[in-house]
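Colleague: Sequence first, then the predicted structure, then my questions.
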Amino acid sequence: MSARPALISRKNQRPNVLLIEDMPSLQLVYKSVLMAAGHAVRVAGTAADGMAQFIETVPDVVLLDLVLPDRDGLDVMQDMLALHPETAVIVITANGSINKAVEAMRAGAHEFLVKPFDEQRFLGAVENAAGDRDARRSPHSVATKIAAPAAAISASSFIGSSDAMGRIHAKIRSVARSMATVFITGESGTGKELCALAVHDNSNRAAGPFIALNCGAIPQDLLESEVFGHMKGSFTGAISDKPGAATAADGGTLFLDEICEMAPALQTKLLRFLQTSTVQPVGATRPRKVNVRIVCATNVDPLDAVRRGQFREDLYYRLYVVPIHMPPLRERADDMIEIAETALARFADEEGRHFDGLSPQVRALFRRLPWPGNVRQLLNVIRNVVVLNDGGLVTQAMLPDDLGDTHVQPLLPAVARQAPNEPMLDALIGKTMAEIEQTVIEATLARHGGSVPKAARELDVSPSTLYRKIEGWAKP
Amino acid sequence: MTDDRSQIFPATIREIDTTPLRNLLLMAGPANAPTIIAAFLDDLKSTEFGLDPAWNGPDCAALRLHSHVLIALAGTVGDADLHATAQQLNALARDQDLVKIHAMKAQTMRGLAELISTLASLAPMEE
């Protein structure tokens, strides 16, 4: 398998990008990251300025915030596509709701990104947009892509020539062209979304939309509307019809991340959707047929979630058709060095510096470290080295000071982590289930200094579930 | 903020993990760091300024607009707690759930003030 990963552009020529974002801080961050990746970037803070620059420069890719001070972003996009339909417009939204983004996809947007900023996803979207723009301009390129899946995966997939990654690449190639549901498991930072994108990009629906939905990031009471949509007036606040992600993904791929976070009631609806290929928005009287390929992912053991009653068994078997497990970095010692060396070369090139590779001591240390943040953590370390050093052979002295912390942190059993003043089992006997639940939640919140997201992670529930429970206790 | 919740959320200023922000600044280039931090501070203060009067009523449209901005800002600098709070507020403002919106005021404004304070303390270090 080729060592060329998602780190490396699919195209030699970097696209010209027009960024239209009204928040100066985000404008600066996006621009800096795009420029660091070698893109030529023009920036506008208003719709009027953005439109003027669009007409003047005819950019390859437009990054468009949907909420602008002087005009609706969707209208701006439609004007742009009317002038230059080959332009790839990536719309950006912040609130996790895909209402307008879905409208934008239907109106011709190439993709949408949900803030906050994610470097890999952000740059990946720009690269893909540029690639698809080229495909739209060339009548032969789509056919070429369909005829050469192996080439596509080698250029767009992740680094790794280990046997484990070789098997993953082979599985992606073999499954991509079917409609079979792919279930990706693996720790955070192992590249589950990249894997899902690779499945999509190598399928014959690559020209269709790739809609990613993080089931753990959206409040459970909004999730049904996000997935299946709703009709105007179906509930308080439903002021207009809203297509859901399943409809937006029609003709493409729907990626459901953190699938085990999905509420039981919605799991039932998802099962029905999988069985019938129809969606029925909240408040709609008739279902609508859609053609969607499902790829889902989780960083927990899905079978364990079934055993604990958190995930429907029938849904599990429906989704768990082609499992792909992304191995943690600590189990890919050779890939680890390959990834580090490739990233070092790329980051050094971006910073205009020259490094002579990793010293034997650094290689040995890297192989010993547990890398709890996986590839994402390794890339951050390499970026840190490149930015803070002038060049030469990478030695241990150049590594971040806190890197060793991950090395010495043992994985303590739960009982050893228990604080001495936390309630023991005897203290819980005699309490109701609701009281026990509240006691445990409060103790977990206290342990995390009141952080609901952190407590939710430890309790393996969504933050919105905790917020709901806390609100419930506050009621008389 | 109810009494029950104030027991759960400590009154002291929480510690905000600045690692994501520092990674972001490294990624953007050290030379840009002071400018980016200053821009974040300006945008956060504008958001605070916009949110403050919006609680009266409350003005759901204004709350929705400013919480929308706050989702992006808090998320980008890596303040997971404030990001989650802003998401919740945005959803409530969209649903016009006036009772729950009122209960979120103290938590939101305190989280925002804490983030501004944290970023302000970082600014000289990055220069």
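Modeller: Happy to help now that I have it.

Colleague: List the residue ranges of the stretch 151-300 of chain A that fall below the pLDDT cut-off.
Modeller: Of all residues in the stretch 151-300 of chain A, those with pLDDT under 70 make up the ranges A:151-158, A:218-221, A:234-240.

Colleague: and what of chain B?
Modeller: Ranges of chain B meeting pLDDT under 70: B:1-14, B:123-127.

Colleague: go again using 90 as the cut-off
Modeller: Within chain B, the ranges that satisfy pLDDT under 90 run B:1-34, B:56-57, B:65, B:68, B:71-72, B:75-80, B:87, B:91, B:94-99, B:118-127.

Colleague: Spit out the contact partners of the closest residue to chain A within chain B.
Modeller: Of all residues in chain B, residue B:75 sits closest to chain A, at 2.6 Å by Cβ to the nearest Cβ. (Each C-beta comes from the backbone N, C-alpha and C, glycine too.) Residue B:75 sits next to A:94, A:115-117, B:83 when contact means Cβ atoms under 8 Å, 6 or more residues apart in numbering or on different chains.

Colleague: In what element of secondary structure is the most centrally placed residue in chain A found?
Modeller: In chain A, the centroid-proximal residue (Cα atoms, centre = their mean) is residue A:193; its distance is 5.2 Å. Taking DSSP states H and E as the criterion, residue A:193 maps to helix A:192-201.

Colleague: Against which helices or strands is that helix packed?
Modeller: Judged by 3 or more Cβ pairs under 8 Å, 6 or more residues apart in numbering or on different chains; DSSP states H and E, helix A:192-201 is in contact with helix A:119-137, helix A:149-156, helix A:163-176, strand A:182-186, strand A:210-214, strand A:253-257, strand A:293-298, strand A:322-326.

Colleague: Just want the angle from that helix to helix A:163-176.
Modeller: 40 degrees (axes from the mean of the first three to the mean of the last three Cα atoms, to 10 degrees).

Colleague: From one end of stretch A:194-209 to the other, what's the distance?
Modeller: Taking Cα to Cα, to the nearest Å, stretch A:194-209 runs 15 Å from one end to the other.

Colleague: can you pull the contacts of whichever residue of chain A sits closest to chain B?
Modeller: Scanning chain A for proximity to chain B using Cβ to the nearest Cβ identifies residue A:116 as nearest, at 2.6 Å. Listed by Cβ under 8 Å, 6+ apart, the contact set of residue A:116 reads A:94, B:71-72, B:74-76, B:83.

Colleague: Let me have those residues in JSON lines, adding distance to residue A:398 and secondary structure as columns.
Modeller: Formatted as JSON lines, the contacts of residue A:116 follow (distance: Cβ to Cβ, whole Å; DSSP: H, G, I helix; E, B strand; the rest coil):
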{"residue": "A:94", "distance to residue A:398": "37", "secondary structure": "coil"}
{"residue": "B:71", "distance to residue A:398": "36", "secondary structure": "helix"}
{"residue": "B:72", "distance to residue A:398": "34", "secondary structure": "helix"}
{"residue": "B:74", "distance to residue A:398": "32", "secondary structure": "helix"}
{"residue": "B:75", "distance to residue A:398": "31", "secondary structure": "helix"}
{"residue": "B:76", "distance to residue A:398": "28", "secondary structure": "helix"}
{"residue": "B:83", "distance to residue A:398": "32", "secondary structure": "helix"}
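
Colleague: between those, which is nearest residue A:301?
Modeller: residue B:83 (27.0 Å; Cβ to Cβ).

Colleague: how far away is that closest one from residue B:74?
Modeller: 4 Å (Cβ to Cβ, to the nearest Å).

Colleague: now the most centrally placed residue in chain B, nearest residue through space, not along the chain?
Modeller: For chain B, the residue sitting closest to the mean C-alpha position, by Cα atoms, centre = their mean, is residue B:112 at 3.7 Å. Nearest residue to residue B:112, sequence neighbours excluded (Cβ to Cβ, 6 or more residues apart in numbering or on different chains): residue B:48, at 5.3 Å.

Colleague: From residue A:359, how far off is the residue nearest to the centre of chain A?
Modeller: Residue A:193 is 33 Å from residue A:359, by Cβ to Cβ.

Colleague: next one: residue A:393
Modeller: For residue A:393 relative to residue A:359 (Cβ to Cβ), the value is 5 Å.

Colleague: and what of residue B:119?
Modeller: 36 Å.

Colleague: okay, the two: which has more neighbours?
Modeller: Neighbours were counted for residue B:119 and for residue A:359 using other Cβ atoms under 10 Å in any protein chain shown; residue B:119 has more, 23 against 16.

Colleague: Which strand or helix spans the more buried one?
Modeller: Here residue B:119 sits within helix B:105-126, counting by DSSP H and E.

Colleague: thinking again about what came up before, looking at the helices and strands packed on helix A:192-201, which is closest to residue B:32?
Modeller: helix A:119-137 (14.6 Å).

Colleague: average model confidence for the closest one?
Modeller: Helix A:119-137 carries an average pLDDT of 66.

Colleague: how about low-confidence regions in the stretch 351-476 of chain A?
Modeller: In the stretch 351-476 of chain A (pLDDT under 90), the answer is A:351-353, A:365-380, A:383-384, A:387-391, A:396, A:400-476.

Colleague: Please repeat the previous calculation with a cut-off of 50.
Modeller: A:407-423, A:476 (pLDDT under 50).

Colleague: Could you count how many residues lie near residue A:395?
Modeller: Neighbour count of residue A:395, defined by other Cβ under 10 Å: 14.

Colleague: Which residues are in contact with it?
Modeller: Neighbours of residue A:395 in contact, by Cβ under 8 Å, 6+ apart: A:359, A:361-362.

Colleague: ok, now residue A:303?
Modeller: Counting by Cβ under 8 Å, 6+ apart, residue A:303 has contacts residue A:316.

Colleague: returning to what we had before: quick one: the residue nearest to the centre of chain B and residue B:50 touch, right?
Modeller: No. At 10.8 Å, residue B:112 does not count as touching residue B:50 under the criterion of Cβ atoms under 8 Å.

Colleague: where along chain B do the helices fall?
Modeller: Remark: helices assigned in chain B by DSSP state H are B:3-8, B:19-28, B:33-54, B:60-77, B:80-95, B:98-103, B:105-126.

Colleague: In TSV, list those helices along with distance to residue A:470.
Modeller: Output for the helices of chain B, formatted as TSV (distance: least, Cβ to Cβ, whole Å):
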stretch	distance to residue A:470
helix B:3-8	6
helix B:19-28	25
helix B:33-54	22
helix B:60-77	19
helix B:80-95	11
helix B:98-103	10
helix B:105-126	10
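
Colleague: quick revisit: distance of the residue nearest to residue B:112 relative to residue B:60?
Modeller: Taking Cβ to Cβ, one finds residue B:48 at 18 Å from residue B:60.

Colleague: got it, and residue A:309?
Modeller: On the measure of Cβ to Cβ, residue A:309 and residue B:60 end up 37 Å apart.

Colleague: cool, residue B:41 as well?
Modeller: From residue B:41 to residue B:60 the distance is 27 Å (Cβ to Cβ).

Colleague: Contacts for the helix or strand harbouring residue A:266, please.
Modeller: In the assignment (DSSP H and E), residue A:266 maps to helix A:264-276. With contacts defined as Cβ under 8 Å, 6+ apart, helix A:264-276 is touched by A:181, A:220, A:223-224, A:227-228, A:246, A:256, A:262, A:279, A:287, A:294, A:310-312, A:314-315, A:318-319.
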